[in-house]
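# please work out how this folds:
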Amino acid sequence: MMNQKGFTLTEILVTLVLVGIFSTAMLGLYVTNSRDYTVQTQVVDIQQNLRAAVSMMAKDLRMTGYDPSHQSSAGVLNAGINAIRVTMDLNEDWDVADAGESISYALAGGNLERQTTAADIVAANVVALGFAYAFDADGDGELDTDAGGRIHWAIPTPGGNWFELDANGDDQITSDDDTDGDGAINTLDTGILFRAADIRALRIWLVARSQNPQPEHVNSRSFVVANTVLSPADGFYYRDVSTIVKLRNMGL
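Down below sits the predicted model:
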């Protein structure tokens, strides 16, 4: 009898099973790698957007109060917790009425907007913006401090006083300053009257999130933004940035 070369049914079935296992493993690896790449790309985008946004804000805000003639009344018009508006006499014509001499930053519809003569989107998917202020209320040329020598980083009450954010006195503004855990920092009344003209520096917080949520991911990070502690428990990825800007033209 002639030899008949070929595969038995058992061999074919074993081969199909092995091919199936290998294909499933490769598909799972591809899906995992693809998801990781998507997450990494989104996180990098968030970080780049935040860095660019805070860089632009710092550049603008450093010019607050630029007034060589001392006639234009340039300075801080709105020292808000979640928005700010400042003026500067850039062309030195004794007023702040020209294009680009009045600048505001605020959130609008999930975007960080810069407003001059028109509104421009600086960064998208921004979920929180906050400001705190350091001031020189006694006019000695130095930032005011508490009894322990710590700089007051405070938020204003219009027509009222400055309220300190470092509630526990550890020289940091963190979620620990939310001493009762209600999502709001327990501010301390400094007893110092708020005046926008006394502002000499400001602190900026920005928090942004990924464009889309990711399956099986739940955010576990908390973020401090001025007097608020954010703890979003959803599928988005979040990143934050904070910086301090000295208003070198204020008080001159």
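# now do the phi/psi pair for Thr87.
Backbone torsions for Thr87, taken as degrees, to the nearest 10, come to phi -130, psi 160.
# that one touches Ala74, doesn't it?
Yes - using CB atoms under 8 Å, Thr87 makes contact with Ala74 at a distance of 4.7 Å. Every residue, glycine included, has its C-beta placed from N, CA and C.
# any common contacting residues for these two?
64-65, 96, 101 (CB atoms under 8 Å, 6 or more residues apart in numbering).
# turn these into CSV, columns for pLDDT, distance to Pro158 and secondary structure.
Formatted as CSV, the shared contacts of Thr87 and Ala74 follow (pLDDT from 0 to 100; distance: CB to CB, whole Å; DSSP: H, G, I helix; E, B strand; the rest coil):
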residue, pLDDT, distance to Pro158, secondary structure
Thr64, 97, 19, coil
Gly65, 96, 20, coil
Val96, 95, 21, coil
Glu101, 96, 24, coil
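# any chance you could map the strands in the stretch 101-250 of the chain?
102-108, 111-115, 119-124, 126-135, 154-156, 161-164, 188-193, 199-209, 223-225, 228-230, 238-246 (DSSP state E, counting those that start in this stretch).
# pLDDT on the first one, on average?
Meaning strand 102-108. Here strand 102-108 scores 97 as its mean pLDDT.
# mind listing the strands it pairs with, and their directions?
strand 84-87 (antiparallel), strand 111-115 (antiparallel) (DSSP bridges).
# what sits up against it?
57, 60-61, 77-78, 80, 82-88, 96, 112-116, 119, 122, 126, 128-129.
# in ChimeraX, select just the buried ones from the residues you listed.
To isolate the buried subset of the contacts of strand 102-108 in ChimeraX, counting by 16 or more other CB atoms under 10 Å, use the following:
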select :57,60,61,77,80,82,83,84,85,86,87,88,96,112,113,114,122,126,128,129
